[in-house]
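Student: Just a sequence and a predicted model for now, questions to come.
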Amino acid sequence: MRVVALAGGVGASKLLRGLVRVLPPGSLTVVGNTADDIEVHGLHVSPDLDTIAYTLGSAADPERGWGLAGETWNARDAMERYGMATWFALGDRDLATHLYRTRRLREGACLSEVTQEICAAWNVTTPVLPMTDDPVTNRIVVDVDGTAEDIHFQEYLIRRGSPPGVIRSYVAGVETARPLPAVVEAIRTADALVLCPSNPVVSIGPILAVPGVREAIQRSRARKIAVTPIIGDAPVRGPADKLMPAAGIDVSCAGIARHYADLVDTLVIDVRDRDRAAEVAVFAKCVVADTLMTDLDASVGLARVVCADLGLGGLSA
Ligand code: GDP
């Protein structure tokens, strides 16, 4: 049994921590988004890959969902003393990850190799594959007082606090990016494919936009399922509601169903949206479940629902 999960950061990781407990050991491969990557103080930061590694390594901060538990912020405070920009907060322990990654990349290692090393350091045995080793970047074009500004996604999200007025978003560099061969192979040989509850524009979108990935999914004979990141008319967290309209996606589970119609067999929508099941069923088989993963038990429960639809119903944690 080979299961491949396409994943962004926090939303995805909450489902992944359930899937690793429900699936047979060694059956899951994660394909992670790298378009949120950013250089901070000369360091290469891969927020989504780190969130996955820390979560699967049971080291993530449970409240924030990102970064490490028990984090301290002495380096950031000292940087402020020098007037350095600290809007992208890096904790003291987290800094070690970025120092290590940056050093290894400068030595000539690929992002995929370094990701494997970082995962190993956190005792993560599930393969976590960046979608590509090539640099790609989410860019947001936003209206600021009548002027269109083209900014990095992290600047939009964190520094500016996700304002409205998004004109469009795009993934810089993706047209020429090469998919990781292991990603295409994992999708080709998968028995099941899961699109995690992640931002469809800046998390799942960039993975699908890497040349060859969408085609590999469409060609794959795997059973395919997505979990909605939208409950009601809003994301559980994050700026999806600001980015989806500009990408032509309705901010609802029905909008997600339409958007993924050519990719998945099934969409899991939230119980709070059960009255929209008929709309969703136009595009995909609709499964209704509690998708709000407030704790580990909720993640395991949702992972069981996903596995049942994939025909892995007899498995238990
Ligand atoms: P990010 O890169 O850290 O923002 O992470 P993702 O792209 O993986 O996750 C962001 C998306 O996950 C948002 O659209 C959220 O609505 C969704 N999300 C987060 N937590 C949950 C949850 O518990 N349930 C569901 N259904 N979606 C969630």
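Tutor: Arrived safely.

Student: Ser169 - that's part of a helix, no?
Tutor: No - Ser169: not assigned to a helix; according to DSSP: H, G, I helix; E, B strand; the rest coil it is strand.

Student: Would you mind naming the residues that bridge with the nearest residue to it once chain neighbours are set aside?
Tutor: Spatially, and ignoring its direct neighbours in sequence, Ser169 is nearest to Ile140 (4.9 Å; C-beta to C-beta, 6 or more residues apart in numbering). For glycine as for every other residue, the C-beta is placed from the backbone atoms N, C-alpha and C. In this entry, Ile140 is beta-bridged to Ile151, Ser169, by DSSP bridges.

Student: and Ile140, how many residues sit next to it?
Tutor: Counted by other C-beta atoms under 10 Å, the residues lying close to Ile140 total 28.

Student: Surely it touches Gln154?
Tutor: No - look at Ile140 against Gln154 with C-beta atoms under 8 Å: they stay out of range, at 9.7 Å.

Student: ok so, going back, tell me how far the residue nearest to Ser169 lies from the ligand.
Tutor: 13 Å (C-beta to the nearest ligand atom, to the nearest Å).

Student: Next: Ile187.
Tutor: In this view, Ile187 and the ligand are 19 Å apart by C-beta to the nearest ligand atom.

Student: what separates the residue lying closest to that residue once chain neighbours are set aside from Arg274, distance-wise?
Tutor: Residue nearest to Ile187 in three dimensions, not counting chain neighbours: Ala216, with 4.3 Å by C-beta to C-beta, 6+ apart. Between Ala216 and Arg274 the distance is 33 Å, computed by C-beta to C-beta, to the nearest Å.

Student: residues in contact with the residue in the chain that the ligand sits nearest to?
Tutor: Residue nearest to the ligand within the chain: Gly11 (2.1 Å; C-beta to the nearest ligand atom). The contact partners of Gly11, by C-beta atoms under 8 Å, 6 or more residues apart in numbering, come to Cys196, Pro197, Ser198, Asn199, Ser203, Pro229, Val236, Arg237, Gly238.

Student: name the element the fourth one belongs to?
Tutor: Assigned by DSSP states H and E, Asn199 belongs to neither a helix nor a strand.

Student: from memory it sits against Arg237, does it?
Tutor: No - taking contacts as C-beta under 8 Å, Asn199 lies outside contact range of Arg237: 9.9 Å.

Student: out of those two, which sits in the busier spot?
Tutor: Taking neighbours as other C-beta under 10 Å, Asn199 and Arg237 compare with Asn199 leading, 28 against 11.

Student: Show the model's pLDDT score for the more buried one.
Tutor: Per-residue pLDDT puts Asn199 at 98.

Student: Which of the contacts of Gly11 sits closest to Cys307?
Tutor: Cys196 (13.7 Å; C-beta to C-beta).
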